[in-house]
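Student: this is a predicted model, with the sequence first.
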Amino acid sequence: MNEEIILNELDFKAVRSSGPGGQHANKTATRVELSFEISASQALSEKEKERIFKKLSGRINKEGVLKMASEDSRSQHSNKELVIQNFLFELKEALKKPKPRKKTKPTKASKIKRLKAKKKKSEIKANRKDPLK
């Protein structure tokens with residue numbers, strides 16, 4: 001994954017925000033929407049693209065475009081920086097390879113402890129029975 005190439009492939013659109021700002025929010029386009037076409041990216045390998053499609057499927061539309069937006073600030077510039085940070089974070093998280101699970105066996109002490117607990121439980125239940133029958 002090459003960050004510089006990816007940043008050049010991003011498309012931004014500024015629209016009116018529903019966030020804080022009062023009259024300011026009604027007059028200025030401070031919400032920044034980022035869109036990234038994954039399949040057309042040259043910064044990602046085919047395996048990376050597959051992993052992103054799998055991990056971020058909820059954020060990707062039918063055309064294969066990843067969309068994100070930010071309207072936290074009154075400033076379009078800071079919203080753009082925020083959405084880029086969030087985008088890069090999500091992309092890095094999606095590209096992380098999961099650790100393979102190591103199979104383990106229960107220890108000898110844990111086996112003995114489990115068997116003792118079972119024995120004690122069975123004795124408790126056996127003592128509930130009527131001794132005359």
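Tutor: Now that the structure is in, tell me what you want to look at.

Student: all contacts plus neighbour counts: C-alpha atoms, from now on.
Tutor: OK.

Student: tell me the mean pLDDT over stretch 74-94?
Tutor: What stretch 74-94 shows for mean pLDDT is 91.

Student: remind me which residues of this protein are low pLDDT?
Tutor: For the chain, applying pLDDT under 70 flags the ranges 19-22, 25, 133.

Student: tell me how far residue 41 lies from residue 98.
Tutor: Residue 41 sits at a distance of 24 Å from residue 98 (criterion: CA to CA, to the nearest Å).

Student: equivalent analysis for residue 77, please.
Tutor: Applying CA to CA, the value for residue 77 to residue 98 is 35 Å.

Student: out of those two, which sits in the more crowded spot?
Tutor: Shown here are residue 77 and residue 98; by other CA atoms under 10 Å, residue 77 has more neighbours (12 against 7).

Student: using PDB, list the CA coordinates for the helix or strand harbouring that one.
Tutor: Assigned by DSSP states H and E, residue 77 belongs to helix 76-95. Taking Å, rounded to 0.1, in the frame of the first residue of the first chain, the C-alpha atoms of helix 76-95 are listed here in PDB:
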ATOM      1  CA  GLN A  76     -13.800  22.600   5.700                       C
ATOM      2  CA  HIS A  77     -10.000  22.300   5.900                       C
ATOM      3  CA  SER A  78     -10.000  20.500   9.300                       C
ATOM      4  CA  ASN A  79     -12.900  18.300   8.200                       C
ATOM      5  CA  LYS A  80     -10.800  17.300   5.100                       C
ATOM      6  CA  GLU A  81      -7.900  16.400   7.400                       C
ATOM      7  CA  LEU A  82     -10.100  14.400   9.700                       C
ATOM      8  CA  VAL A  83     -11.700  12.400   6.900                       C
ATOM      9  CA  ILE A  84      -8.200  11.600   5.500                       C
ATOM     10  CA  GLN A  85      -7.000  10.500   8.900                       C
ATOM     11  CA  ASN A  86     -10.100   8.300   9.400                       C
ATOM     12  CA  PHE A  87      -9.800   6.800   5.900                       C
ATOM     13  CA  LEU A  88      -6.100   5.900   6.300                       C
ATOM     14  CA  PHE A  89      -6.800   4.400   9.700                       C
ATOM     15  CA  GLU A  90      -9.700   2.300   8.400                       C
ATOM     16  CA  LEU A  91      -7.600   1.200   5.400                       C
ATOM     17  CA  LYS A  92      -4.600   0.100   7.600                       C
ATOM     18  CA  GLU A  93      -6.900  -1.800  10.000                       C
ATOM     19  CA  ALA A  94      -8.600  -3.600   7.000                       C
ATOM     20  CA  LEU A  95      -5.200  -4.600   5.700                       C
END
